[in-house]
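Novice: Got a predicted structure here, sequence first:
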Amino acid sequence: MRQVDSVSPIEAVQGRRSAQWGFRPDIEGLRAVAVVAVVLFHADVPGVGGGYVGVDVFFVISGFLITGMLWREANSTGTVRLRRFYGARARRLLPASATVGVITMVASAVLLPPLRVPTVIYDGIASALYVGNYWFILDDVNYFADLLTPSPFQHYWSLGVEEQFYLVWPPLIIGTAWLIRRARRRTRAQATSSQRPYLVVLALVAAVSFALSLVATYWMPPAAFFSLPTRAWELALGGLVALTAGQWRRLAALPAAITGWAGLALILLACTQLSAATRYPGTAALLPVLGAVLVVGAGCAAPSQGCGRALASSPMRAIGRISYSWYLWHWPVLVLTPALLGHPLGLAARLTAALASGGLAVLTLRVLENPLRFAPRIRRSPLASLALGGAATAIAVCVGVALLPSVPTPVGRGAPAAAPTVTVAPVPTGSDMDAYDAAVQQAFAQAQAAVAASADLKAVPSNLTPPLGDLAAEEKKYEFNGCVRSPYQGGQPECATGDTASTTTVALVGDSHAAMWNPAFQQIGAQRHWRLEMLGKLACPLMDVRINSAFRRLIEHFQHCEQWRAQIIARLRAEHPRLVLVSVWRGYGTDESLTGFNAYDPAWLDALTRLMQQLHGTGAKVLVLGPIPSPHTSVPICLSGHLDDATACALRRSTAVNQPGIAAESAATTAGGGQYADLTELFCTTGRCPVIVGNSLVYLDTSHLTLEYSRLLAPVIGALADRALARS
């Protein structure tokens with residue numbers, strides 16, 4: 001306080017103007033807080049589960065700086081010189097991001113499994129064009145779940161938001177000025193002299209964007225997380241601080257210091273209390289965003305007081321200066337280092353990799369960023385700056401396009417393996433239950449023998465079926481000509497196969513994990529002359545799981561799950577199938593963002609019992625198929641990188657199988673009058689679940705069977721269905 005009092009009135013005014021418009025060392029330090037939070041989160045450091053909010057802090061800072069810059073230019077000249085503005089952004093941002101992108105694509109092509117490389121390169125091309133955020137939305141990427149098998153370009157989503165913001169914001173300022181001139185018959189200078197219309201526009205943008213973010217967080221989480229429309233409110237709030245800097249400057253030193261410390265506390269609270277399980281952005285994003293607003297706003301009044309003094313310290317400013325390059329480097333280093341070393345990283349190794357990426361950031365700043373950013377000839381010419389940025393982007397895109405044809409198609413190098421077979425003769429009509437039990441035991445024993453024989457398989461067979469290079473076509477077949485509905489499709493078409501004239505109807509009902517058994521049942525239906533109906537909808541289990549939140553019930557309504565369930569139950573009551581088989585994915589609550597329930601929890605088990613009672617009431621026998629082992633990662637991608645050692649991709653039974661959950665489901669099914677089949681022995685030995693059985697690839701992706709392995713198990717599933725029909 002004595003320092004403030006000793007400053008002359010003229011010096012105080014000049015100091016405050018500098019704090020408002022000049023270089024802000026406290027903001028440079030705030031960048032350090034943001035980037036350290038993100039790096040520690042991505043390094044999976046305990047206690048920083050919400051470190052991803054550092055990106056929100058960056059957005060507020062960008063909104064503040066860019067809006068202030070545009071407003072000052074518009075206020076002094078009556079317009080915004082777009083070529084100069086975009087040239088400065090291109091010179092500052094594009095060369096570094098393109099350089100890191102090129103190195104990341106080349107390193108990925110060398111280090112990652114071949115099946116993973118094309119996807120990563122496409123991610124790199126989209127990121128080089130700064131549309132990576134929408135690319136990830138279209139690919140339905142879950143930012144948090146996909147940290148298990150992440151793209152080394154996943155962090156580029158925020159650069160896409162920033163670049164799109166730079167494209168939108170200047171026209172917004174210019175357009176507002178134009179509307180003022182037209183509406184009030186003002187001159188160009190008069191149109192930019194008042195801040196009030198711009199405050200109204202930014203407040204409206206913030207309100208609409210925040211409302212959209214709230215809805216999308218529950219309805220379309222990837223769009224909420226990655227898109228500019230749902231993040232614009234964070235940038236707009238930063239802009240509002242810039243336009244109200246005069247009001248912020250009226251804060252006395254002590255209130256300003258308290259405000260700044262409170263804002264920093266909110267940011268740190270978000271970093272430590274939020275987690276990957278938090279629905280984000282939603283209302284949770286208010287914590288870091290409002291915290292950043294308070295820190296930046298307080299700095300307008302007293303940048304060298306309170307937290308501003310700590311943020312402006314030399315170490316914080318040093319980190320802040322490399323924040324952009326460190327953000328670019330840290331994630332590809334963390335993702336690609338395990339592939340380089342051949343094993344996952346422990347905490348110490350992850351921190352070492354993060355620090356190494358900081359070293360690369362320092363090198364990038366000194367060798368690339370600063371020389372290009374401050375080169376006199378480039379800096380003086382907006383066209384040269386734009387040409388530099390355009391050339392950097394073009395090179396990155398061209399490198400990606402050139403790398404795609406060089407990716408090898410993975411083909412097994414092992415000796416051809418015999419196709420496994422399971423053969424079980426149908427039980428004669430009128431046999432007692434012992435005969436049906438014996439048929440099931442015989443079928444399981446044959447499948448178990450095939451699994452055990454493949455448990456130690458090393459080299460991927462050269463006749464692997466389906467081949468690793470043809471899995472896209474295999475995935476396409478999962479739609480079954482529209483019989484399996486998408487989450488946002490309504491209705492259920494007629495999908496009868498087998499002997500459609502038969503009086504014995506068997507219905508296979510559920511989500512994609514019911515659909516994966518369709519090839520087996522088509523084979524069974526043809527052999528037994530059954531009429532088979534496929535009734536499926538992605539991300540919608542047939543159980544009516546009670547969701548407490550009214551908002552989540554609304555979201556499920558948008559998915560058509562409630563209507564679809566009601567239609568299916570009504571259809572089953574009308575058609576009176578003799579047997580209803582139910583299968584469902586058990587990953588809900590872990591990777592699935594479209595629902596609000598969890599597999600195996602009490603609500604799930606209660607819903608399963610109620611469903612059994614409903615289906616039993618139609619007069620049908622009911623058989624619930626237990627879960628298949630969960631790989632938790634893409635098996636084909638793993639195999640493409642371990643063609644000589646398939647055991648490296650095998651699943652540990654202890655982590656792939658939830659035995660207590662299976663036991664609980666079995667009890668819940670029996671309580672409702674249904675029958676339950678534990679399928680674990682069709683996939684696992686006592687300790688391991690191989691991913692290749694004979695020459696058959698078992699898993700299509702991270703959770704589904706290949707259609708080939710489904711057909712292989714048709715005799716087993718047929719024996720289970722026969723026994724279910726025979727039971728009284």
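Specialist: Nice, I can see it. Source: prediction; values computed, not measured. Residues are numbered from 1 along each chain as shown.
Novice: The stretch 601-728 of the chain: helices as residue ranges?
Specialist: Assigned by DSSP state H, counting those that start in this stretch, the stretch 601-728 of the chain shows helices spanning 602-616, 635-640, 653-656, 659-671, 707-712, 714-726.
Novice: Out of those, which is closest to residue 420?
Specialist: helix 707-712 (6.1 Å; Cβ to Cβ). (Glycine included, C-beta is placed from N, CA and C.)
Novice: ok, and for that closest one, which residues are buried?
Specialist: Applying a neighbour-count criterion of 16 or more other Cβ atoms under 10 Å, the buried positions in helix 707-712 are 707, 708, 709, 710, 711, 712.
Novice: Check stretch 400-415 too.
Specialist: For stretch 400-415, the neighbour count (16+ other Cβ under 10 Å) marks 400, 403, 407, 410, 412, 414 as buried.
Novice: residue contacts, residue 160?
Specialist: 127, 130, 131, 132, 133, 134, 226, 228 (Cβ atoms under 8 Å, 6 or more residues apart in numbering).
Novice: All the helices of the stretch 51-200 of the chain, residue numbers only.
Specialist: With DSSP H, counting those that start in this stretch as the definition, the stretch 51-200 of the chain shows helices at residue ranges 54-77, 82-111, 117-128, 132-138, 157-184, 188-191, 196-219.
Novice: So which elements touch the second one?
Specialist: Judged by 3 or more Cβ pairs under 8 Å, 6 or more residues apart in numbering; DSSP states H and E, the packing partners of helix 82-111 are helix 54-77, helix 117-128, helix 157-184, helix 323-341, helix 347-364, helix 370-373, helix 382-403.
Novice: how many other residues sit next to residue 340?
Specialist: By other Cβ atoms under 10 Å, the residues close to residue 340 number 12.
Novice: Ignore what I typed, I meant residue 77.
Specialist: 12.
Novice: Need the pLDDT of it.
Specialist: pLDDT for residue 77: 74.
Novice: which residues sit against stretch 284-292?
Specialist: Stretch 284-292 is contacted by residues 30, 53-54, 56-57, 59-61, 213, 233-234, 237-238, 262-267, 269-271, 274, 278 when judged by Cβ under 8 Å, 6+ apart.
Novice: Now do it, average pLDDT.
Specialist: Taken as a whole, stretch 284-292 has an average pLDDT of 97.
Novice: check contacts around residue 418.
Specialist: By Cβ under 8 Å, 6+ apart, the neighbours of residue 418 are 694, 695.
Novice: State the pLDDT value of it.
Specialist: 92.
Novice: State whether it is indeed within a helix.
Specialist: No: assigned with DSSP: H, G, I helix; E, B strand; the rest coil, residue 418 falls outside any helix and is coil.
Novice: before we move on, back to that, so which of the contacts of residue 160 wins on neighbours?
Specialist: residue 127 leads the contacts of residue 160 on contacts (other Cβ under 10 Å) with 31 neighbours.
Novice: From residue 117, how far out is that one?
Specialist: Remark: distance between residue 127 and residue 117 (Cβ to Cβ, to the nearest Å) = 15 Å.
Novice: Then residue 435?
Specialist: Separation of residue 435 from residue 117 (Cβ to Cβ) stands at 53 Å.
Novice: Low-confidence stretches in the stretch 501-650 of the chain?
Specialist: Residue ranges of the stretch 501-650 of the chain with pLDDT under 70: 546-559, 589-597.
Novice: Any stretches of this protein with poor pLDDT?
Specialist: For the chain (pLDDT under 70), the answer is 1-22, 78, 146-148, 182-193, 546-559, 589-597.
Novice: middle-most residue in it, spatially?
Specialist: In the chain, the residue lying closest to the centroid (Cα atoms, centre = their mean) is residue 142, at 1.4 Å.
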